[in-house]
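Novice: Here is my input; please provide its structure:
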Amino acid sequence: MTPEEFRTAGHALIDWIADHRARVEELPVRSRVGPGEISGELKAGPPQVGEPIEALLEDLERVVVPGLTQTQSPNFYGWFPSNGSLASVLGDVASGGLAGLGATWQSAPALTELEEVVCAWLQELTGLPESWRGTLQDTSSTGCLVALLAARERASDYAQETGGLQAEPAPLMVYTSPHAHASVFKAALLAGFGRDNLRLIDVDPVTYAMDPEALRTAMAADAAAGRRPAAVVVNLGTTGTTAFDPLSSIVPVAAEHGAWIHIDAAMAGSALLLPECRWMIEGLEGADSLSWNPHKWLGTILDCSLLYLRRPEQVIRVMATDPSYLRSSVDGTVTQFRDWGIPLGRRFRALKLWFHLRLDGLDAIRARLRRDLENTAWLAEHIARTPRWRVLAPVRLQTICLRHEPTGTVTADGTVLDPVALDAHTLRWLEAVNASGRAFLTPSVLDDRWMVRISLGAEGTERRHVEELWNLIRRSAEEDDVPLRPERPGP
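Specialist: Numbering: from 1, shown residues only. The predicted model follows:
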């Protein structure tokens, strides 16, 4: 493809994307295709000669779009906000067009130094300590893995340089909440700690936040038994309920054992742009690392995750690689981000964050975050004051955990009388909402019972959408007010 052919095709693609975003509210939110339908449409095999862009766009419309859950729809309330602002899409296009190779500073000085700049911008805007340094990863899953690898090596006196974990005389322990994201458990396993050495600490039964005294007890017991506490993963906004572990109380407990403290704020970190939400990071100065994802609520398109480090040299010692073919005369005077994470070749991720911040501006981003918080408070209030509806966990940001309780299933004080019927009812009315195509919600299990999560924060979601959602879920649940007992029990 020549530059002129690219220009023509690119204009057509941009027009198509703009048209798609303009009508995304009209599309069913949840994909309605079945397993194998997409691949069945695309089995013809690769073309022997190039096709026109019009043919590709036709298949995008006909085959690909129906196979997507429309996360950019204002009626998407599932999992977490997964916004892809069009300003950041332009940055992603620029990144691909420039095709910078981020293997070393010398291979792309602009890639490295723009990443330093945008990380410093977000560091200042979110109130992080000036002495910390940041880098971009693909996701917080990778950020957590990098942090736990560094924690493992610090706790073992950098055993990777000798016999590794196989030579360690004592098990290394990791501590986190049972409500932590699945990626935290995965990172602990990939880092070699082993499932038996992962401690899930009790949480407060009302707030679902980690109990610092339970952590103290667990760490002390492990230390007394000859095991070595290596890391604590603190959750600022758990996946299920957006619970906030009490960072300022956990830090001194972990410090008693010299454990690495990693903070997972993947979704909630965006709220730090609002000064009124800085309570989230009280006590941060004593932690070692923090990750959060601009590609969630903030709205920078996937994949774009920030990892901040109090002492980057501890990660660099674990991750550094210095083959002869990458050496240059500037080594030792510049940042080499290849030594701050797992990949050697790195994408120019900073461009999409840079485009997003510059084209949309902080005033608009902050206004949108505050709008979402106001809409969440409005909806939570209506749920709480409506008979037979219950908000199940404190609403700290933009996530509401709720349940509709048909007659005879739950007492006024919340005691569940018929858990099987209640679970069946919850899953049925949720499926009715999602099958309608008018909204998309996701379930989760809390206290051994199914519940429904509403995660507000799609870029286009306004109050009218939230009002329509409330009417939809009320109608769906209340029409199913006499649940049938299922053949199999719930979780």
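Novice: List the buried residues for the helix or strand hosting residue 59?
Specialist: Here residue 59 sits within helix 53-59, counting by DSSP states H and E. By 16 or more other Cβ atoms under 10 Å, the buried positions in helix 53-59 come out as 53, 57. Where you see a C-beta, it was placed from the backbone N, CA and C, and this is true even at glycine.
Novice: can you list contacts of it?
Specialist: 8, 9, 12, 13, 16, 41, 42 (Cβ atoms under 8 Å, 6 or more residues apart in numbering).
Novice: roughly how far apart are the closest residue to the third one other than its chain neighbours and residue 5?
Specialist: Spelled out, that is residue 12. Excluding the flanking residues, the one nearest residue 12 by Cβ to Cβ, 6 or more residues apart in numbering is residue 53, at 5.1 Å. Residue 53 is 9 Å from residue 5, where distance means Cβ to Cβ, to the nearest Å.
Novice: do residue 196 as well
Specialist: From residue 196 to residue 5 the distance is 58 Å (Cβ to Cβ).
Novice: secondary structure class for residue 173?
Specialist: With DSSP: H, G, I helix; E, B strand; the rest coil as the basis, residue 173 sits in strand.
Novice: my read: it touches residue 196, true?
Specialist: No: using Cβ atoms under 8 Å, residue 173 is not in contact with residue 196, being 9.6 Å away.
Novice: Those two: which has the busier surroundings?
Specialist: Taking other Cβ atoms under 10 Å, residue 173 and residue 196 do not tie; residue 173 has more neighbours (26 against 8).
Novice: quick one: contacts of the worst-scoring helix or strand of the chain on mean pLDDT?
Specialist: Least confident helix or strand, the chain: helix 37-41 with a mean of 90, by mean pLDDT, DSSP states H and E. By Cβ under 8 Å, 6+ apart, the residues outside helix 37-41 that reach it are 59, 62, 63, 64, 67.
Novice: ditto for stretch 196-208
Specialist: 171-179, 185, 188-189, 209-211, 214-215, 218, 222, 227, 238, 240-241, 243-244, 393-394, 446.
Novice: Okay, and which of those residues map to helices?
Specialist: Using DSSP state H, the members of the contacts of stretch 196-208 that fall within helices are 185, 188, 189, 214, 215, 218, 222.
Novice: Could you report the distance from the third one to residue 198?
Specialist: Yep, that's residue 189 we're talking about. 8 Å.
Novice: ditto for the fifth one
Specialist: The gap separating residue 215 from residue 198 is 13 Å, by Cβ to Cβ.
Novice: Kindly report the same for the second one.
Specialist: Computed with Cβ to Cβ, the distance linking residue 188 and residue 198 is 5 Å.
Novice: just the first one next, same as before
Specialist: In this structure, residue 185 and residue 198 are 7 Å apart, going by Cβ to Cβ.
Novice: Give me the common contacts of those two.
Specialist: By Cβ under 8 Å, 6+ apart, the residues touching both residue 185 and residue 198 are residue 176.
Novice: domains in this protein, as residue ranges please.
Specialist: The record's domain split for the chain, according to automatic domain parsing, is 3-68, 94-360, 362-478.
Novice: what's the closest of the contacts of helix 53-59 to residue 255?
Specialist: residue 13 (52.4 Å; Cβ to Cβ).
Novice: I'd like to know how far residue 137 sits from residue 360.
Specialist: Counting by Cβ to Cβ - residue 137 and residue 360 are separated by 22 Å.
Novice: Residue 215 and residue 198: which is more packed in?
Specialist: residue 215 (26 against 18).
Novice: so the more buried one makes contact with residue 247?
Specialist: No: using Cβ under 8 Å as the test, residue 215 is too far from residue 247 to be in contact (11.8 Å).
Novice: Which of the helices or strands spans residue 302?
Specialist: Residue 302 is part of no helix or strand when elements are defined by DSSP H and E.
Novice: That one: neighbour count?
Specialist: 18.
Novice: try residue 185
Specialist: Residue 185 has 18 nearby residues by other Cβ under 10 Å.
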